[in-house]
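> no sequence on this one, just coordinates:
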């Protein structure tokens, strides 16, 4: 098994780890749980991110923060790039790469981009450059590595927009896209305590009707539905990956009335929380 490559300086940490289906124990364990993760996944891999199952038809990049990741199958060597927020915080440096709310924390739950042959070559070279810098241990290595990470993210952000935002969206002004991204970011921060469209409209300095209209004109789900979707996603995570009782999960998600939370979950998923926990088998399947 290839040895992991790690750059570390005080609190800053970044690493590269190569893997295939014969060495998945580390990747599927908890040791990378708290890191920001970028995975280069070749074609013909099977993996699950949260409750969605993917079969890659082309080489792809996956972007994972606190989602639950399981690599299931894949023969060709893949690469995991992981780093902590002290090394590179996507929120603080968002003006540089404009990825937060798109690659990370996006309301569509689409954590990947597909790559063509030319893009695959470019991304492989960037990973190789990072590997070289870690091995050489030059005094300037940290900034060089960060530069390569930013290139990966910028290229992927452009590709994500091309693959997932329809033409009417992409030809809108940057301001429209910023509203979409800001909503996604605010939702990720506040979904446990802010459950109403008006809460997010206030953060965005606009009327709730204006926010709803903007999302409708861009052919997106309503802000209200997106808020509910994010709450339900977290509820499913807590139901499957923790031993918390339903009442405690309701409180964690900001519902003082557990019965109301139970009705909401049942109405939106077709299952009570208890039945979901007991009977869940696999998520939606996507060939990408």
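It's in. What you see is a predicted model; the values in this text were computed from it and never measured.
> what's the neighbour count on residue 48?
The tally of other residues near residue 48 (other Cβ atoms under 10 Å) stands at 19. (Glycine included, C-beta is placed from N, CA and C.)
> now residue 157
19.
> tell me the helices and strands packed up against the longest strand belonging to the chain.
Longest strand in the chain by number of residues (criterion: DSSP state E): strand 12-19. Secondary-structure packing of strand 12-19 (3 or more Cβ pairs under 8 Å, 6 or more residues apart in numbering; DSSP states H and E): strand 5-9, helix 25-28, strand 78-83, helix 117-136, helix 141-164.
> mind running it again at 7 Å?
Secondary-structure packing of strand 12-19 (3 or more Cβ pairs under 7 Å, 6 or more residues apart in numbering; DSSP states H and E): strand 5-9, strand 78-83, helix 117-136.
> pick the most deeply packed of the ones you listed.
Highest mean neighbour count of the helices and strands packed on strand 12-19: strand 78-83, a mean of 23 (counted as mean count of other Cβ atoms under 10 Å).
> if we can go back for a sec, tabulate the helices and strands packed on strand 12-19 in TSV, adding columns for distance to residue 196.
Shown next, in TSV, are the helices and strands packed on strand 12-19 (distance: least, Cβ to Cβ, whole Å):
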stretch	distance to residue 196
strand 5-9	43
strand 78-83	35
helix 117-136	41
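> residue 280 is nearest to which of those?
strand 78-83 (26.1 Å; Cβ to Cβ).
> what packs against that closest one?
Short answer (3+ Cβ pairs under 7 Å, 6+ apart): strand 78-83 packs on strand 12-19, strand 36-41, helix 117-136.
> one step back: each with direction, which strands does the longest strand of the chain pair with?
strand 5-9 (antiparallel), strand 78-83 (antiparallel) (DSSP bridges).
> who's in contact with that strand?
For strand 12-19, the external contacting residues (Cβ atoms under 7 Å, 6 or more residues apart in numbering) are 2, 4-7, 26-27, 77-84, 86-87, 130-131, 134, 145.
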